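> sequence unknown, structure follows:
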């Protein structure tokens, strides 16, 4: 059964329980006012809550995902290691990776120009002042304005910024 159908069934079940519960409450209130003690009302409430909890627990399960073809996740064993071709380059995924240097900075999630500038100045040793950080982030912005655009607060992970020579 597809997830949408399961969701609809749970929604219908919850609505039915809500409807029955809304009918039971006035009846139990009237009987309670009349002086009839109803432990059945408490048991019914416990039953409804238990059903809701069990149905939620029954729905829980491991996340579904997709697994790539075996060729991407298996290693072949060889008898003679000298017969295997070797390469001095390593391929990770299908994206070329830039090697960070002191002249560039690769933006990571959560980065800002201020944070980048503070990190660079902190790497140089000591605690940088706010004005030093401000001067450096503005220099980084001016140097990379064509990549960043008009809003210095809008930078994206993966962007490679040139750093000013210091």
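Alright, I've got the coordinates. Computed from a prediction, not measured in an experiment: that's the story for all the values here.
> alpha carbons only for contacts and neighbour counts from here, please
Noted.
> where does residue 5 land on pLDDT?
Looking at residue 5, its pLDDT is 84.
> in terms of secondary structure, what does the helix or strand containing it contact?
For residue 5, the host element (DSSP states H and E) is helix 3-33. Here helix 3-33 touches helix 39-59, going by 3 or more CA pairs under 8 Å, 6 or more residues apart in numbering; DSSP states H and E.
> right, and the helix or strand after the helix it packs on?
Downstream of helix 39-59, the first helix or strand assigned by DSSP H and E is strand 104-106.
> measure how buried residue 141 is and give me the count.
For residue 141, the count of nearby residues is 22 (other CA atoms under 10 Å).
> identify the residues contacting it.
Going by CA atoms under 8 Å, 6 or more residues apart in numbering, residue 141 touches 113, 148, 152.
> in the helix or strand harbouring it, which residues are buried?
Per DSSP H and E, residue 141 falls inside helix 130-143. Neighbour-count burial for helix 130-143 flags 133, 136-141 (criterion: 16 or more other CA atoms under 10 Å).
> can you check stretch 109-127 too?
So stretch 109-127, judged by 16+ other CA under 10 Å, has buried residues 112-114, 116-118, 120-121.
> among the residues you listed, which ones are in helices?
Among those, the members found in helices (DSSP state H) are 113-114, 116-118, 120-121.
> dump these into JSON lines; add pLDDT and distance to residue 106 as well.
Shown next, in JSON lines, are these (pLDDT from 0 to 100; distance: CA to CA, whole Å):
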{"residue": "113", "pLDDT": "90", "distance to residue 106": "11"}
{"residue": "114", "pLDDT": "90", "distance to residue 106": "14"}
{"residue": "116", "pLDDT": "88", "distance to residue 106": "10"}
{"residue": "117", "pLDDT": "88", "distance to residue 106": "13"}
{"residue": "118", "pLDDT": "89", "distance to residue 106": "15"}
{"residue": "120", "pLDDT": "85", "distance to residue 106": "12"}
{"residue": "121", "pLDDT": "84", "distance to residue 106": "16"}
